[in-house]
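Novice: Starting from these lines, generate the structure:
(4 chains)
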There are 2 protein chains.
Amino acid sequence: MPDTQDLLFRTLADPTRRAIFERLCRQGEQTVGALTSQSGVSQPAVSKHLGLLKQAGLVRDRHEGRQTHYSAQLGALAPLMDWTREMAGFWESRFDDLEDLLKRMDQ
Amino acid sequence: MPDTQDLLFRTLADPTRRAIFERLCRQGEQTVGALTSQSGVSQPAVSKHLGLLKQAGLVRDRHEGRQTHYSAQLGALAPLMDWTREMAGFWESRFDDLEDLLKRMDQ
DNA sequence: CGAACATATATCTGTGTGGTTATACGTCAA
DNA sequence: TTGACGTATAACCACACAGATATATGTTCG
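Specialist: This is a model prediction of the structure:
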């Protein structure tokens, strides 16, 4: 069972899938057909990508007649932002430590 | 030729590789041996991961005698933060648009 | 020099997964 | 009900790639 960050990174690692997600972010809710027409891959491939995006919590689906509308769930990106900030934070704290050390050495 | 974001996402998608990078972020510069001892995979595997991390600009290497020291290059995470912010930005702007629409409808 | 060590490269293998086509499932219109 | 449509699922294939083992490259020490 992969943790949330792993699932997010793995899900967004594929260019086609990420492009679909980006499109949903930029242009809002879209049907599978609309997404397929600009994806460069077949409709089943798009459905599969959407399934994985949904599994990662990155999209919602809404059924309306025979169409399915998908939309981005931006909240799902939070763990990614947290992770990035955390990594940057570790770096900065180590940098501060170094700075302190240099200051003490300077005395 | 993959763009920077694609390379970043793909590089960080692997759990073993991401763990190595995290360790370098948390604990600073490490030798290949030190990284190997806690990675759960073989030394060649670690070397290969470090090679990919380096290719993505996420780590630097410094040779000292027969050891190689690796350290995290946090600047390389910037495109990732930019992308995340961009996606969140699109979402917010669409939210603002909706708000505007509702306001106009309210009049 | 030769041996132990640290890391990198070579080669191979198994598997995960993105892609396809074919088909099933649900919905709307006639 | 029949047929067209929109989407999802099934079955299959090809390929990328993470991992292993074996070996090469380079370094320190005796």
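
Novice: Low-confidence regions, chain A specifically.
Specialist: For chain A, applying pLDDT under 70 flags the ranges A:1-2, A:91-92, A:94-107.

Novice: Up against DNA strand C, what does it have?
Specialist: Proximity of chain A to DNA strand C (C-beta under 7 Å from any atom of the strand) is limited to residues A:10, A:13-14, A:16-17, A:41-42, A:44-45, A:48-49, A:52, A:63, A:65-66. Quick note: C-beta positions are derived from backbone N, CA and C, even for glycine.

Novice: 6 Å instead, please
Specialist: By C-beta under 6 Å from any atom of the strand, the residues of chain A that approach DNA strand C are A:14, A:16, A:41-42, A:44-45, A:49, A:52, A:65-66.

Novice: Pull the most distant pair out of those residues.
Specialist: A:14 and A:65 (29.5 Å; C-beta to C-beta).

Novice: higher neighbour count, those two?
Specialist: residue A:14 (18 against 5; other C-beta atoms under 10 Å in any protein chain shown).

Novice: quick one: that one and residue B:10, what's the gap?
Specialist: Distance of residue A:14 to residue B:10, computed by C-beta to C-beta, to the nearest Å: 8 Å.

Novice: just residue A:10 next, same as before
Specialist: According to C-beta to C-beta, residue A:10 stands 10 Å off from residue B:10.

Novice: same thing with residue A:25?
Specialist: For residue A:25, the distance to residue B:10 equals 20 Å [C-beta to C-beta].

Novice: Can you name every helix or strand that the helix or strand encompassing residue A:23 contacts?
Specialist: Element membership for residue A:23, per DSSP states H and E: helix A:15-27. Contacts defined by 3 or more C-beta pairs under 8 Å, 6 or more residues apart in numbering or on different chains; DSSP states H and E place helix A:15-27 against helix A:4-13, helix A:32-37, helix A:43-55, strand A:67-72, helix B:4-13, helix B:78-106.
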